[in-house]
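[1] 3D, please:
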Amino acid sequence: MAIFPPVPRLLDAALRAETVVRVERVDGASRDGRVLALGRRWVLLAQLADIGHPDGITALRLRDIDHVTPAPLSQRASAHHVNWPPDAPAVDLDSTRAMLASLLTADTLVGIECIDEPGQRWYGLPHALRRRHLDLWELSPQCTWHATESSWRLSSLAEVAIGDRYGTTLGSLAAEPPLAPADSRWAHETDPSRADGGA
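    Residues are numbered from 1 along each chain as shown. As a prediction, this is how the structure comes out:
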């Protein structure tokens, strides 16, 4: 049986070498991208899709990553893009709560994936970050807003994506959300400096 180096060490090497890698989760999902930042519990990627097209920024939970391997074709394709990869935002990747609090704002359309529901991604606007849950005003694939917010356990989150092409298109076709971002609890209560601990 092959023995693979620990995932954080491979991600750190990719961060230092500025190389594109393929990150494979334990559920079989994979993402190509450039490592922008690495923390104790999450890694931040400038994601590539369809052989080298920029596709936003995604945070992946380290414990759900199975393999990290070079992605030479995406590496070659990405060399043709101007102003890519983007600069790493100031994100605290040492806990789930801190990552969400520092990455998201009340008007950030975010896509989330859960490790126990592979192949599914939900989009919405952050509404509240509670002790163990993330509340979203969810946006359906038909570009309509749910009437009430949905709640997601922090411990179930495996991936958090912003600025991806699908989500950007979805948001551009949607009507105004049920609650203006300025009125969201997120805008008034979420303080990255207090987002300690968590999953």
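[2] What score does residue 182 have for pLDDT?
    Residue 182 is assigned a pLDDT of 89 by the prediction.
[3] quick one: terminal-to-terminal distance for stretch 137-157?
    The first and final residues of stretch 137-157 sit 16 Å from each other (CA to CA, to the nearest Å).
[4] contact partners of it?
    For stretch 137-157, contacts defined as CB atoms under 8 Å, 6 or more residues apart in numbering pick out 61, 96-97, 100, 109, 112-116, 122-125, 127-128, 132-136, 170-171, 173-175, 177-179, 184, 198-199. For glycine as for every other residue, the C-beta is placed from the backbone atoms N, C-alpha and C.
[5] are any of those buried, and which?
    61, 96-97, 100, 109, 112-115, 122-125, 127-128, 134-136, 170-171, 174, 177, 184, 198 (16 or more other CB atoms under 10 Å).
[6] Skipping adjacent residues, who's closest to residue 165 in space?
    Spatial nearest neighbour of residue 165, chain neighbours left out: residue 55 (5.6 Å); criterion: CB to CB, 6 or more residues apart in numbering.
[7] how much space between the one you found and residue 31?
    As judged by CB to CB, to the nearest Å, residue 55 and residue 31 stand 9 Å apart.
[8] And for residue 140?
    From residue 140 to residue 31 the distance is 24 Å (CB to CB).
[9] that older thread, between residue 55 and residue 31, what contacts are shared?
    Counting by CB under 8 Å, 6+ apart, the residues touching both residue 55 and residue 31 are residue 47.
[10] hmm, back to that, check the contact between the residue nearest to residue 165 and residue 48; I expect there is one.
    Yes - counting by CB atoms under 8 Å, residue 55 touches residue 48, with 6.1 Å between them.
[11] what residue is smack in the middle of the protein?
    Nearest to the geometric centre of the chain sits residue 160, at 2.5 Å (CA atoms, centre = their mean).
[12] Go ahead and confirm residue 73 touches residue 52.
    Yes - the pair residue 73 / residue 52 is scored as a contact, 7.4 Å apart, by CB under 8 Å.
[13] So for these two, which sits in the more crowded spot?
    Under the criterion of other CB atoms under 10 Å, the comparison of residue 73 against residue 52 puts residue 52 first, with 20 against 14.
[14] Show me the chain divided up by domain.
    7-78, 105-194 (automatic domain parsing).
[15] Out of those, which is the most enclosed?
    domain 7-78 (a mean of 19; mean count of other CB atoms under 10 Å).
[16] Compute the first-to-last residue distance for that one.
    Using CA to CA, one end of domain 7-78 lies 23 Å from the other.
[17] Determine how far it lies from the middle of the whole chain.
    Chain-centre distance of domain 7-78: 11 Å, with CA atoms, centre = their mean, to the nearest Å.
[18] Distance to residue 87 added to the domains of the chain, as TSV?
    Supplementary listing: the domains of the chain in TSV, determined by distance: least, CB to CB, whole Å:
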stretch	distance to residue 87
domain 7-78	8
domain 105-194	13
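[19] For the chain, give me the ranges with low pLDDT.
    Counting by pLDDT under 70, the low-confidence segments of the chain come to 1-4, 191-199.
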